[in-house]
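Novice: Please work out how this folds:
(chains A and B)
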2 protein chains.
Amino acid sequence: MAVNSPLPVASALKPVAGVDIGFAEAGIKKPNRKDVLVLKVAPTATVAGVFTLNRFCAAPVQIAKAHLAAARESGKPIAALLINTGNANAGTGELGLSLANETCAALAAQLGCEPSQILPFSTGVILEPLPAAKVIAGLPQAIAGLKADNWYNAAEAIMTTDTQPKAGSRTVTIGGHTVTMSGISKGAGMIKPNMATMLGYLALDAKVAQPVLDVLVKQVADQSFNCITIDGDTSTNDSFILIATGAGALEVNSVDSPEYAELAAAVTELSLFLAQAIVRDGEGATKFITITVEEGGSVEECRKIAYSIGHSPLVKTAFFASDPNLGRILAAIGYAGVDLDVGKLNLYLDDVWVAKNGGRNPDYKEEDGQRVMKQSEITVRVKLARGAAAATVYTCDLSHDYVSINADYRS
Amino acid sequence: MAVNSPLPVASALKPVAGVDIGFAEAGIKKPNRKDVLVLKVAPTATVAGVFTLNRFCAAPVQIAKAHLAAARESGKPIAALLINTGNANAGTGELGLSLANETCAALAAQLGCEPSQILPFSTGVILEPLPAAKVIAGLPQAIAGLKADNWYNAAEAIMTTDTQPKAGSRTVTIGGHTVTMSGISKGAGMIKPNMATMLGYLALDAKVAQPVLDVLVKQVADQSFNCITIDGDTSTNDSFILIATGAGALEVNSVDSPEYAELAAAVTELSLFLAQAIVRDGEGATKFITITVEEGGSVEECRKIAYSIGHSPLVKTAFFASDPNLGRILAAIGYAGVDLDVGKLNLYLDDVWVAKNGGRNPDYKEEDGQRVMKQSEITVRVKLARGAAAATVYTCDLSHDYVSINADYRS
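Specialist: Below you'll find the predicted structure:
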């Protein structure tokens, strides 16, 4: 059960003009579950993405990157995204590339475009061949059902071990124009994005020039999907895709415009919501932890320390147990690989000042730590006294259920 | 229960001339358990150590390092090691240093030496003040019981969440002289040594010149205690200490001598046994995993990849479940931060060839992987096809019991 994460309400998810959504139950891994998703985008749309840095990046990731590059060169825009769950098509070598290309060709034939105008995505088990025939067999059903008001089904169709769909919509007014945006994401393990996250898709109806969208997608990912970790495992399939359909009135042609700044803030806010939803629904998660490292010499060192805390199994089991065994946090800070003078360091748990100048705060009381540890949302704040940089990372605890879920994943 | 790790037999542990051992039940954390240990060493002994790289290194680690340096400068040799469990005296600031110094002074007074001739060590909970008065109150009992034939009790006295004592003895003949060595170690969580491990102590009765022992302790640690990981958490208190009592006939005065090479091999063998014993008794461990990365461009990159596999919670839960979900191993290789051409990579599980040239081996059968995964000892072998370097790391699986043990540690 996700931590403080209410189910999205289908009627609150807004259609984005220029994106139609269809899905199928193709039986890729299990019957009777949505596992193929098609997002058809208007020819006016610009599309940009960020992808996993995992060297074993999946076949669809390699192809999606190549097709995005081809679209820029040929001027033939991306026509659709094709996503399947139940199989990651990763660690599958040449055969994997060939099977992913087959699915692109099949969808292209039915939509009347070229295979290079399709972006493929897969998520699920690694090292097993993609059942491409099943994906292809599901396409007619997905295409027949294409409609704009279908974001809730889209969110459900990309779930794997997620316990609930993750989706959100926002409407903002920028330069007098209304911009509508909707997005979906999925987790829920193998989460430590190294460029983007798992799968995340966000569409908006402004017209955003391609070079501007390329900058925007990276900027947004760095402030949202790249700030979360569940288990420190960077997936082979992480992808975050931003679609600007051009169907609305707003145009953004420069990253130096005030419109860009406003749009970036709005897209970042929704993306952070979607990223945090992944953490809240982390495998076995019972707590949502925000780790903020302040007063650092650089953002990089703040992130290193925040991730060191966020990845420590000992810290995460202490959160699970509501046990204020806070020395484990100091240990994780100490081995983060940053050349700290720990004698100046201060540690807070919400409003409780735990460690002062590198040692136990004389005023710290166990019952105060205990009170905070019992909460379902906790902020760890570390002050380094080295500078003005800061970074925040979001994570969850490590519970019995994490082990159960991952010991049983394929069964 | 430790994986394939028979209990040491007290009568098989050999006294090392020049080391006397005493212990006390000082009630530091719990009553009726050995928690203070004194190792008194002969004035002829040389002593060297390697310590945690954690920036939050514990007060006793800071003092032990300073006292080792002082002994070199003053010529006054180390007289005794003082070890307590139940409290790590880490994250304790100035007060921690002062309390650790008090315990050194108390032992020095009773042994008739200077406080700087005592090396203090602590292990247990972080961020809580050391009950120094209890340690000191236990010293008379420990000193009264000092005797050479006491290694089994020593191994028991340093246990924390260990389920069994870890100890071994070896006798080797080098240059016609018999060398007797005995060692102890303890784990069992917060194990990812960054210089040495948890606590490990090894004594031998050769006479080894100080500069030679300084080289030897680092060389041995790099090939034993620095090759293990349980949860990736580098402790604040890791220490490995090598004592050469000089009571025997062998003298080693140069690292270029054949005697050095033979002694190094023997000490490494026993240290690796003690290090592996920590992994076999890792918190909640049900499997012992050897990860070998071969054909690398450098030892450093092989270690990076081996640790990436050894730290992945997804890989470790798959081992726990005996589930040949081996794509998780490829994913961990892929995010290790090494710029690999994965198209040449081969992966073996014991004798089973799983991945060939970066994809699934066409001859690989699920039942073969399943057979190996059911074993209690498994070797993961990765061949990079990049060079001639290799590295091996030892680890264990991630089980429900790991979570239980660490969620309940302080209760």
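Novice: Now A:A17: closest residue in space that isn't a chain neighbour?
Specialist: Using CB to CB, 6 or more residues apart in numbering or on different chains and skipping the chain neighbours, the partner closest in space to A:A17 is A:A247 (3.6 Å). For the C-beta atoms, the positions are set from N, CA and C on the backbone; glycine is no exception.
Novice: Then A:S312?
Specialist: Spatial nearest neighbour of A:S312, chain neighbours left out: A:A332 (4.2 Å); criterion: CB to CB, 6+ apart.
Novice: Count the neighbours of the one you found for me.
Specialist: Residues near A:A332, counting by other CB atoms under 10 Å in any protein chain shown, number 31.
Novice: Equivalent analysis for the one 4 residues further on, please.
Specialist: Using other CB under 10 Å, A:A336 has 23 neighbouring residues.
Novice: Is it in a helix, a strand, or coil?
Specialist: The local conformation at A:A336, judged by DSSP: H, G, I helix; E, B strand; the rest coil, is coil.
Novice: Now do the phi/psi pair for the residue of the stretch 201-350 of chain A found nearest chain B.
Specialist: Going by CB to the nearest CB, chain B is nearest to A:G327 of the stretch 201-350 of chain A, at 2.3 Å. Backbone torsions for A:G327, taken as degrees, to the nearest 10, come to phi -60, psi -30.
Novice: wait, isn't it in contact with B:G96?
Specialist: No - between A:G327 and B:G96 there is no contact under CB atoms under 8 Å: 11.3 Å.
Novice: residues from the stretch 251-400 of chain A in reach of chain B?
Specialist: A:311-314, A:317-318, A:320-321, A:323, A:325-328, A:330-336, A:338-340, A:342-343, A:354-355, A:357-360, A:398-400 (CB under 8 Å from any CB of the partner chain).
Novice: So which of those sit within helices?
Specialist: Secondary structure defined by DSSP state H assigns A:311, A:313-314, A:317-318, A:320, A:327-328, A:330-334, A:400 of these to helices.
Novice: Name the nearest of the residues you listed relative to A:R33.
Specialist: A:H400 (25.7 Å; CB to CB).
Novice: wait, what's in contact with the closest one?
Specialist: A:G284, A:F320, B:H400, B:V403, B:S404 (CB atoms under 8 Å, 6 or more residues apart in numbering or on different chains).
Novice: at 7 Å what do you get?
Specialist: A:G284, B:H400, B:V403 (CB atoms under 7 Å, 6 or more residues apart in numbering or on different chains).
Novice: Roughly how far does it sit from B:F23?
Specialist: Distance of A:H400 to B:F23, computed by CB to CB, to the nearest Å: 36 Å.
Novice: follow-up on the earlier one: name only those of the ones in helices among the residues of the stretch 251-400 of chain A next to chain B that count as buried.
Specialist: Neighbour-count burial (16 or more other CB atoms under 10 Å in any protein chain shown) applied to these gives A:311, A:313-314, A:317-318, A:320, A:327-328, A:330-334, A:400.
Novice: what two of the residues you listed are the furthest from one another?
Specialist: A:G334 and A:H400 (27.7 Å).
Novice: part of a helix, is A:I378?
Specialist: No - A:I378 is assigned strand when assessed by three-state DSSP, not a helix.
Novice: quick one: low-confidence ranges for the stretch 151-300 of chain A?
Specialist: Scanning the stretch 151-300 of chain A for pLDDT under 70 picks out A:188-197, A:232-234.
Novice: the strands in it, which residues?
Specialist: A:166-174, A:177-186, A:199-204, A:207-208, A:239-244, A:251-252, A:288-296 (DSSP state E, counting those that start in this stretch).
Novice: Run through the stretch 1-150 of chain A and note the low-pLDDT ranges.
Specialist: In the stretch 1-150 of chain A (pLDDT under 70), the answer is A:1.
Novice: now the strands for it?
Specialist: A:19-24, A:36-41, A:46-51, A:80-85, A:118-123.
Novice: Just want the angle from the first one to strand A:199-204.
Specialist: This points to strand A:19-24. Using axes from the mean of the first three to the mean of the last three CA atoms, to 10 degrees, the inter-axis angle of strand A:19-24 relative to strand A:199-204 is 140 degrees.
Novice: what's the distance between strand A:19-24 and the middle of its chain?
Specialist: Distance of strand A:19-24 from the chain centroid (CA atoms, centre = their mean, to the nearest Å) equals 20 Å.
Novice: Poorly predicted segments of the stretch 301-411 of chain A, please.
Specialist: Along the stretch 301-411 of chain A, segments meeting pLDDT under 70 span A:408-411.
Novice: can you do 50?
Specialist: Residue ranges of the stretch 301-411 of chain A with pLDDT under 50: A:411.
Novice: how about the strands in it?
Specialist: Under DSSP E, counting those that start in this stretch, the stretch 301-411 of chain A gives strands at A:346-349, A:352-356, A:359-360, A:377-383, A:389-396.
Novice: right, so of these, which gets closest to A:G124?
Specialist: Closest approach to A:G124 among the strands of the stretch 301-411 of chain A (CB to CB): strand A:389-396, 21.6 Å.
Novice: From the chain's centre, how far out is that closest one? Work that out for me.
Specialist: Remark: strand A:389-396 is offset 15 Å from the chain centroid, using CA atoms, centre = their mean.
Novice: Ok, stretch A:365-379 next?
Specialist: For stretch A:365-379, the distance to the chain centre is 28 Å (CA atoms, centre = their mean).
Novice: Quick one: end-to-end distance for that stretch.
Specialist: 18 Å (CA to CA, to the nearest Å).
Novice: for A:Q110, what are its contacts?
Specialist: Shown in contact with A:Q110 (CB under 7 Å, 6+ apart): A:L139, A:I143.
Novice: Next, find the distance separating it from chain B.
Specialist: Computed as CB to the nearest CB, to the nearest Å, the A:Q110 to chain B distance reads 29 Å.
Novice: and if you look at A:I78?
Specialist: 26 Å.
Novice: Do I have it right that that residue meets A:Q117?
Specialist: Yes - counting by CB atoms under 7 Å, A:Q117 is a contact partner of A:I78 at 5.7 Å.
Novice: Would you mind telling me which of the two has more residues around it?
Specialist: The neighbour count for A:I78 versus A:Q117, taken as other CB under 10 Å, is higher for A:I78 (26 against 22).
Novice: Give me the nearest residue to the more buried one, chain neighbours excluded.
Specialist: A:V47 (4.3 Å).
Novice: Run a quick neighbour tally on the one you found.
Specialist: Neighbour number of A:V47 under other CB under 10 Å is 24.
Novice: How about the contacts made by it?
Specialist: So A:V47 contacts A:V41, A:L68, A:I78, A:I241, A:I243 (CB under 7 Å, 6+ apart).
Novice: which strand residues sit across from it in the sheet?
Specialist: Applying DSSP bridges to A:V47 yields these beta-bridge partners: A:I243.
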